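Colleague: The sequence isn't on hand, but the structure is:
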């Protein structure tokens, strides 16, 4: 195993990097376990909302375009219908892949789910129903991982990078490093998003296992090169964010074994 950044990470003040954290553990979501259906439901709702917005915009500008050229108006309408039809078909294949564990996604999705441009709309709609970004994020991660497990069955990583947060509980950190050493993975404790990106650029892995809170995982997945397979493992936060966090070691080892095919 190549282990990077061996020094013990500096402890953080509770929640010092958690936006909106006020130190109230009474109403805090210490452990989030959402199913895949939560994200899929709001993804479809966002897709429908996007359809309404696009067609609404089209009907607003259509009279002016018709005044210039009827052919241009017809071409724009056909392009809009074609793009949305393909997007809906792809979404159906996405759901089939996630729910059956078989690879139905054509062309896209082999390295996870990349719908970054739609996430603000998804968060916005979920917020109307008082559903937190972290709960949506947790469900999104479950969907992403399901895609990786379905579409990467024949893939074997030659260069697997494990990214850990510095807020991990000491005992959990030692066990994650022991497991990584057992399978010969490179381990890096990231002090933030920039250090994680630099490590990815330096090592050029073909697969990543990321451990962090939901918001950091989603941000990192969006920033990572699209050709890299990423399995994300959200931490649990019994003492609040950014301090003594934990993960499911069974899920962690399963991800390593799957990507390395051992």
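Modeller: That came through fine. Being a predicted model, the structure only gives us computed values, none of them experimental. Numbering: from 1, shown residues only.
Colleague: residue contacts, residue 58?
Modeller: By CB atoms under 8 Å, 6 or more residues apart in numbering, the contact list for residue 58 reads 76, 77, 80. For every residue, glycine as well, the C-beta is placed using N, CA and C.
Colleague: nearest to residue 235, of those residues?
Modeller: In terms of CB to CB, no member of these lies closer to residue 235 than residue 80, at 41.6 Å.
Colleague: The closest one and residue 65, how far apart?
Modeller: 12 Å (CB to CB, to the nearest Å).
Colleague: ok, back up a step: want to throw the contacts of residue 58 into a markdown table with neighbour count?
Modeller: Output for the contacts of residue 58, formatted as a markdown table (neighbours: other CB atoms under 10 Å):
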| residue | neighbour count |
| --- | --- |
| 76 | 15 |
| 77 | 15 |
| 80 | 15 |
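Colleague: Restricted to helices, list those residues.
Modeller: Of these, the ones assigned to helices by DSSP state H are 76, 77, 80.
Colleague: In which helix or strand does the nearest residue to the first one once chain neighbours are set aside reside?
Modeller: Put plainly, it is residue 76. Counting by CB to CB, 6 or more residues apart in numbering, residue 76 lies nearest to residue 65, which is 6.3 Å off, once chain neighbours are set aside. Assigned by DSSP states H and E, residue 65 falls within helix 36-68.
Colleague: roughly how far is that helix from the heart of the chain?
Modeller: 24 Å (CA atoms, centre = their mean, to the nearest Å).
Colleague: So which bits of it are buried?
Modeller: 36, 38, 39, 40, 42, 43, 45, 46, 47, 65 (16 or more other CB atoms under 10 Å).
Colleague: got a list of what the first one touches?
Modeller: In this case it means residue 36. 98, 99, 139, 142, 143, 146.
Colleague: Serialize these to TSV and add fields for pLDDT, secondary structure and distance to residue 28.
Modeller: Formatted as TSV, the contacts of residue 36 follow (pLDDT from 0 to 100; DSSP: H, G, I helix; E, B strand; the rest coil; distance: CB to CB, whole Å):
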residue	pLDDT	secondary structure	distance to residue 28
98	92	helix	29
99	92	helix	31
139	97	helix	19
142	96	helix	21
143	95	helix	24
146	94	helix	27
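Colleague: Please pick the buried ones from those residues.
Modeller: Buried by 16+ other CB under 10 Å: 98, 139, 142, 143, 146, out of these.
Colleague: Chain neighbours aside, what residue packs nearest to the last one?
Modeller: Using CB to CB, 6+ apart and skipping the chain neighbours, the partner closest in space to residue 146 is residue 98 (4.5 Å).
Colleague: so the one you found sits right up against residue 147, yeah?
Modeller: Yes - between residue 98 and residue 147 there is a contact at 6.5 Å, judged by CB atoms under 8 Å.
Colleague: just to revisit the earlier point, and the gap between the residue nearest to residue 146 and residue 167?
Modeller: 29 Å.
Colleague: Residue 62 now?
Modeller: On the measure of CB to CB, residue 62 and residue 167 end up 53 Å apart.
Colleague: Walking through this structure, point out its helices one by one.
Modeller: Under DSSP H, the chain gives helices at 36-68, 70-100, 119-128, 133-151, 170-183, 193-203, 214-223, 249-260.
Colleague: need the contact list for residue 57.
Modeller: Applying CB under 8 Å, 6+ apart, no residues contact residue 57.
Colleague: Tell me the confidence at it?
Modeller: As predicted, residue 57 sits at a pLDDT of 94.
Colleague: for residue 151, same thing?
Modeller: 87.
Colleague: cool, and the one 3 residues further on?
Modeller: The model reports residue 154 with a pLDDT of 84.
Colleague: What count of nearby residues applies to it?
Modeller: 7 (other CB atoms under 10 Å).
Colleague: For it, what are phi and psi?
Modeller: phi -100, psi 0 (degrees, to the nearest 10).
Colleague: Distance of it relative to residue 60?
Modeller: Distance from residue 154 to residue 60, by CB to CB: 48 Å.
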